[in-house]
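[1] Task: produce atomic coordinates for the following.
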Amino acid sequence: MKIHEYQAKELLRPYGLPIPPGEVASTPDEAAAIAARLEGQVVVKAQVLVGGRGKAGGVKLADTPAEAREKAAAILGMDIKGNRVEQVLVTQAADIAREIYLGLVLDRTTRRVTLMASSEGGVDIEEVAATAPEKIIKVGANPLLGLQDFQMRQAAFALDLPGGLLRPFGAIARGLYQAFMDYDCSLAEINPLIVNTDGALQAIDAKINLDDNALYRHADLVELRDPQEETAAEREAREHGLSYVQLDGTIGCCVNGAGLAMATMDLVQAAGGQPANFLDIGGGAQSDRVIAALRIILADERVRAVLFNIFGGITRCDEVARGIVAALPSLPRPVPLTVRLVGVNEAEGHQILRAEGITAVTSMAEAARAVVEAAR
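    Residues are numbered from 1 along each chain as shown. I've put the predicted structure just below:
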């Protein structure tokens, strides 16, 4: 789950990070009032869950409250990569002498939380990784001991920070790491972390992604979710406990198990089709989840046929078959269905489906060929 910059900063403040003061506004007048309280030059920043705000005109400097009102009026309502700007962050401006990238991610290769730092701050780290990977410093935290002081000093030395900033940098890195662990983040970054003209470090931007699987431990953080982050189909899938990602093809896929779902999409492509989605109904899925899955898949007008690929271990094949049949009357439009059922109560499931005229097979390859042909 992504959260906005102003929300990320509020989560990080208690960890001692040097974040300039600022407040969020949803109207130009609110922006002007905040600028008056802050005094001096401010930055008005669009709050959207995508990068490239500056290039799109969503970040502007203002010298007076009146100018902050004007800049906020220009930014509010903007469309940035399909996201409408509903709020702006008005924050104290900083005099930048140098920009640094500092972030923490879960590195699945090393199985560690990894601190990344780069002297190329202020730009997308992916761009740096592609064009100058040698400029990215990586330090893996010990799973039991965490991020150690000597590791943070190594990163600071590699960034060529002056001696007077070694301790402040270490405190910032330590605070960011602790927040990452406390909030079960999948990403926490400051980009840029600046050295200002007074020679001090400031975190002038922040980004946090929260692990959805850990949100049950953070009921207060669930409220930070932005409805714009999800499509209506993604929101309904989440509410029903389904893993769903919309793609660009014409063949809907409903599978139980992420690995099986990936294999199913590969087989559809090998048979000459294009999957319209990834959808995992999970183990032990009952008929109500199957109905929800079909409704979500068929909300995409490009879908011409649907393939169910079910391995009945925890999930019973007859239960899935009944769910499919129960969903038929409520489908928004009729499309051909191909079902591959293997496992617990397989024979009963096939009997239920064939009685309704639905293609039921046991071979994955055969199912892929059949659904591609049906879509044509």
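[2] Could you confirm L144 falls within a helix?
    No. Looking at L144 with DSSP: H, G, I helix; E, B strand; the rest coil, it is coil, so not inside a helix.
[3] what about it, how many neighbours?
    5 (other CB atoms under 10 Å). Every C-beta, even on glycine, is put in place using the N, C-alpha and C of the backbone.
[4] contacting residues for it?
    By CB atoms under 8 Å, 6 or more residues apart in numbering, L144 lies in contact with nothing.
[5] Kindly list the longest helix within the protein.
    Secondary structure of the chain per DSSP state H: the longest helix is helix 166-182.
[6] ok, and what's touching that one?
    Contacts of helix 166-182 (CB under 8 Å, 6+ apart): 11-12, 15-18, 102, 104, 113, 115, 141, 146-147, 149, 152-153, 155-157, 159, 161, 185, 188, 190, 193, 200-201, 203, 208.
[7] Please check those residues and keep the buried ones.
    11-12, 15, 17-18, 102, 104, 113, 115, 141, 147, 152-153, 155-156, 159, 161, 185, 188, 190, 193, 201, 203, 208 (16 or more other CB atoms under 10 Å).
[8] now, which of those residues lie within strands?
    By the criterion of DSSP state E, membership of those in strands covers L102, L104, V113, L115, C185, A188, I190, L193, L201, A203, I208.
[9] JSON lines for those residues, including pLDDT and distance to R238?
    Formatted as JSON lines, those follow (pLDDT from 0 to 100; distance: CB to CB, whole Å):
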{"residue": "L102", "pLDDT": "96", "distance to R238": "31"}
{"residue": "L104", "pLDDT": "96", "distance to R238": "25"}
{"residue": "V113", "pLDDT": "95", "distance to R238": "26"}
{"residue": "L115", "pLDDT": "95", "distance to R238": "31"}
{"residue": "C185", "pLDDT": "96", "distance to R238": "19"}
{"residue": "A188", "pLDDT": "97", "distance to R238": "22"}
{"residue": "I190", "pLDDT": "96", "distance to R238": "29"}
{"residue": "L193", "pLDDT": "96", "distance to R238": "33"}
{"residue": "L201", "pLDDT": "96", "distance to R238": "38"}
{"residue": "A203", "pLDDT": "96", "distance to R238": "31"}
{"residue": "I208", "pLDDT": "96", "distance to R238": "19"}
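[10] Among those residues, which one sits closest to A347?
    Comparing those against A347 with CB to CB places C185 closest, at 47.1 Å.
[11] which residues does the closest one bridge with?
    When bridges are called by DSSP bridges, C185 pairs up with L210.
[12] any idea how far V290 is from it?
    33 Å (CB to CB, to the nearest Å).
[13] Then L76?
    Noted for L76: a distance of 42 Å to V290, by CB to CB.
[14] who's more crowded, the two?
    Set side by side, L76 and V290 show more neighbours around V290, with 26 against 21, by other CB under 10 Å.
[15] Which parts of the stretch 1-150 of the chain are strands?
    In the stretch 1-150 of the chain, the segments counted as strands under DSSP state E, counting those that start in this stretch are 22-25, 42-46, 59-62, 79-80, 83-84, 88-92, 96-107, 112-118, 136-140.
[16] My read is that E348 contacts C317, right?
    Yes. Counting by CB atoms under 8 Å, E348 touches C317, with 6.9 Å between them.
[17] can you list the domains in the protein?
    Residue ranges for the domains of the chain, per automatic domain parsing: 21-92, 96-222, 230-375.
[18] hey, least reliable of those domains by pLDDT?
    Among the domains of the chain, domain 230-375 has the lowest mean pLDDT, at a mean of 87.
[19] give me every residue that touches A68.
    Neighbour list for A68: A31, A32, I34, A35, V42, V44, A62, V90 [criterion: CB under 8 Å, 6+ apart].
[20] Closest one of the residues you listed to M262?
    V44 (43.2 Å).
[21] Count the residues that sit near the closest one.
    Count around V44 with other CB under 10 Å applied: 30.
[22] From what I see, it and V90 are in contact.
    Yes. The criterion here is CB under 8 Å, and V44 meets it with V90 at 5.6 Å.
[23] Overlap in contacts, those two.
    Taking CB under 8 Å, 6+ apart as the criterion, V44 and V90 both touch A31, A68, A72.
[24] tell me how far the ends of stretch 109-124 are from each other?
    Start-to-end span of stretch 109-124 (CA to CA, to the nearest Å) is 21 Å.
[25] repeat for stretch 17-30
    The straight-line separation of the ends of stretch 17-30 (CA to CA) is 26 Å.
[26] just stretch 345-363 next, same as before
    Stretch 345-363 end-to-end distance (CA to CA) = 16 Å.
[27] distance between stretch 21-28 and the chain's centre?
    A distance of 24 Å separates the centroid of the chain from that of stretch 21-28, by CA atoms, centre = their mean, to the nearest Å.
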